[in-house]
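Colleague: how would this look folded up:
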Amino acid sequence: MGIIDRPPVEVVVYEYAEEDDGYGGTVPGRGRPHRIKVFAQPIDADDNSSQGWSEPARYKLIARNLPAFRWSSVDFEGRTWSVSEYPRLHRGSSRTRFASVVIERRGGHGLRRQGHQ
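Modeller: Residues are numbered from 1 along each chain as shown. As a prediction, this is how the structure comes out:
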C-alpha cells in the first residue's frame with residue numbers, strides 16, 4: 001500500500017450535469033455526488049483577503065480516482081469550488097497510477113457558505 005492510498009482530506013465531487021437555464025439553453029449543474037479522500041495541494045493565494053491574510057484560491061486535488069470533469073462542482077473546506085481544468089490521469093504501474101484536477105474557489109472569495117465556519 002503506497003502513500004497515494006492514504007489521502008487525508010475528504011471532499012464531495014459532483015458529476016458534471018447540464019441543467020436547463022430557463023432560456024432554452026443549458027448551464028453546468030450538479031450531478032450525482034461522490035464522497036472521496038484526496039490530497040489537496042494549494043496552487044496560489046488570493047492576496048486581497050479582507051481578513052489580512054492570504055488564502056488559496058486554487059488547489060490541485062490528487063487521488064487514485066477522481067469522478068470529475070471540467071466544470072464539475074466540488075465541496076471542499078466548507079465552500080463550493082469548480083473544476084477549472086480537464087482532469088489528468090497520470091499513468092504508471094498499478095501502485096503509482098493517480099488522477100489530478102485543479103479546482104478554483106467560486107463566488108465570494110473568502111466567504112464561507114452559510115452554516116459552515
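Colleague: in its sheet, what does the helix or strand containing Val74 sit against?
Modeller: The secondary structure element spanning Val74 is strand 73-76 (assigned by DSSP states H and E). Note on strand 73-76: by DSSP bridges, its sheet partners are strand 9-20 (antiparallel), strand 79-83 (antiparallel).
Colleague: what mean pLDDT does the shortest one get?
Modeller: Right, the one you point to is strand 79-83. The average of the pLDDT scores along strand 79-83 is 92.
Colleague: and the next helix or strand past it?
Modeller: On the C-terminal side of strand 79-83, the nearest following helix or strand under DSSP H and E is strand 88-90.
Colleague: quick check: mean pLDDT of that following strand?
Modeller: Per-residue pLDDT over strand 88-90 has a mean of 93.
Colleague: that strand: what's the following helix or strand?
Modeller: Scanning the chain past strand 88-90 towards its C-terminal end, the next helix or strand to appear is strand 98-105 (assignment: DSSP H and E).
Colleague: hey, C-alpha coordinates of that following strand in CSV?
Modeller: Only the C-alpha atoms of strand 98-105 are listed here, as CSV (Å, rounded to 0.1, in the frame of the first residue of the first chain):
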residue,chain,number,x,y,z
PHE,A,98,-3.3,8.5,-10.0
ALA,A,99,-5.5,11.3,-11.2
SER,A,100,-5.3,15.1,-10.6
VAL,A,101,-7.5,18.0,-11.1
VAL,A,102,-7.3,21.8,-10.5
ILE,A,103,-10.2,23.4,-8.6
GLU,A,104,-11.0,27.2,-8.2
ARG,A,105,-13.0,28.8,-5.5
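Colleague: for it, packing partners?
Modeller: When contacts are defined as 3 or more CB pairs under 8 Å, 6 or more residues apart in numbering; DSSP states H and E, strand 98-105 sits against strand 55-63, strand 79-83, strand 88-90. The way it works is simple: take the backbone N, C-alpha and C, and place the C-beta from them, glycine included.
Colleague: what's the strand holding Val74 in contact with?
Modeller: When contacts are defined by CB atoms under 8 Å, 6 or more residues apart in numbering, strand 73-76 is touched by residues 9, 11-14, 28, 30, 40, 59, 61, 68, 80-83, 103.
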